[in-house]
Structure formats: C-alpha cells, structure tokens
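Asker: test case, fold it:
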Amino acid sequence: MNQSIDEIVEKFKSHLIAKNKAEAFFKETIEPKVEKVFQEKFVKAFETIAEAINTKVGSDVIHCYHENKDKFVIEGLYHKIFFQKSQIEIIVAGTVQVNIIPIYAWKGITKHMGPISFILDIENNTVTWDISFDSIEMYATNLFSGFVEDKDFSL
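Answerer: Below is the predicted model of the structure:
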C-alpha cells in the first residue's frame with residue numbers, strides 16, 4: 001500500500017487537530033475543575049478549621065499558606081506539613097485522579113505521610129476522596145490534634 005504525500009499530510013493534520021482539541025479540553029476544562037476541588041474542598045477545609053482554632057485560642061497557633069498553586073502548607077510552632085498536588089492522571093475519558101502527597105517536617109526531619117487522592121468525574125462534577133476518614137474536615141482535625149498532642153507544641 002503506497003500512500004501519496006497528500007494522504008500522509010492529511011493524516012498528520014487530523015492527528016494534530018485531535019491532539020490540539022484534547023490539550024485545549026485539558027487546559028480549559030479539566031485543570032480548572034481539579035484546581036477548584038483542591039482549593040475549595042481540600043485547602044478550604046484546613047483554612048476554615050485553623051481559623052476557628054486560632055480564634056478560639058486567641059492566638060495564631062496554626063498558619064496556613066500557599067507556596068505555589070500546587071503546594072499548600074500548614075504550620076505549627078515546630079511542625080510543618082506540605083501538601084503537594086500531583087499531576088492529573090486521566091483514568092478513563094471524563095474521569096481523572098489526583099494525588100495529594102503530605103510531607104511532615106518536624107525539627108528538620110521529614111516524613112512522607114500516606115497520600116490522599118481524589119477522583120473527579122468531570123461531567124458530573126462529583127468528587128470521591130480516598131482517605132481513611134469520613135471527610136477532609138475530619139482528616140484536618142486529626143492532623144491539628146497531633147500538633148497539640150506533641151510534647152514540643154507550645155504557644
């Protein structure tokens with residue numbers, strides 16, 4: 001089977017068009033939806049609980065901040081936990097998975113904690129969390145209680 005150059009060019013063009021459409025969909029639809037879940041569901045839970053704790057204690061004992069768009073940090077006096085959002089992995093068309101890797105730093109020693117992941121159905125905007133707690137809020141509360149339980153915690 002001998003194809004003409006024009007036929008080969010048309011195949012390349014159709015592949016490029018499909019690739020460009022897929023990249024545009026990823027950048028314009030998938031990435032913003034993943035970012036919204038990360039910011040509004042994950043990060044917001046930590047910020048809300050930290051703010052409530054700080055208000056009730058009457059002092060800023062927990063700090064929350066962003067190092068960049070993919071890294072969120074919570075910090076106590078001696079403790080720091082970095083939450084690093086991984087690359088978006090397409091599981092099947094319309095469904096993606098994202099891992100959030102927590103790295104715990106305490107007095108210069110770092111330790112990887114178990115990853116948190118979520119699966120996002122792009123079409124239905126449904127999020128399924130893969131954590132050992134009933135909610136992100138319970139997970140955050142458990143981490144913050146660890147700050148208080150540690151003998152090196154002080155105000």
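Asker: CA atoms for contacts and neighbours, from now on please.
Answerer: Will do.
Asker: show me where pLDDT drops low in this protein?
Answerer: 1, 149-155 (pLDDT under 70).
Asker: in it, which spans are strands?
Answerer: Taking DSSP state E, the strands of the chain run over residues 63-68, 71-75, 79-85, 89-92, 95-106, 109-112, 116-121, 126-130.
Asker: looking at those strands, which is closest to Ile5?
Answerer: strand 89-92 (34.3 Å; Cα to Cα).
Asker: how far does that closest one sit from the chain's center?
Answerer: Taking Cα atoms, centre = their mean, to the nearest Å, the mean C-alpha location of strand 89-92 is offset from the chain mean by 15 Å.
Asker: ok, stretch 50-58 next?
Answerer: 24 Å.
Asker: report the buried residues of that stretch.
Answerer: 50-51, 53 (16 or more other Cα atoms under 10 Å).
Asker: then that stretch to PDB, C-alphas only?
Answerer: Extracted as PDB, the C-alpha positions of stretch 50-58 are listed here (Å, rounded to 0.1, in the frame of the first residue of the first chain):
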ATOM      1  CA  ALA A  50      -7.300  26.600  61.500                       C
ATOM      2  CA  GLU A  51      -9.100  29.900  61.600                       C
ATOM      3  CA  ALA A  52     -11.600  28.500  64.100                       C
ATOM      4  CA  ILE A  53      -8.900  27.100  66.300                       C
ATOM      5  CA  ASN A  54      -6.900  30.300  66.200                       C
ATOM      6  CA  THR A  55     -10.000  32.400  67.000                       C
ATOM      7  CA  LYS A  56     -11.000  30.200  70.000                       C
ATOM      8  CA  VAL A  57      -7.400  30.000  71.300                       C
ATOM      9  CA  GLY A  58      -7.000  33.800  70.900                       C
END
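Asker: ok now the single longest helix found in the chain, how far from the chain's centre?
Answerer: In the chain, taking DSSP state H as the definition, the longest helix is helix 5-25. How far helix 5-25 lies from its chain's middle: 32 Å, per Cα atoms, centre = their mean.
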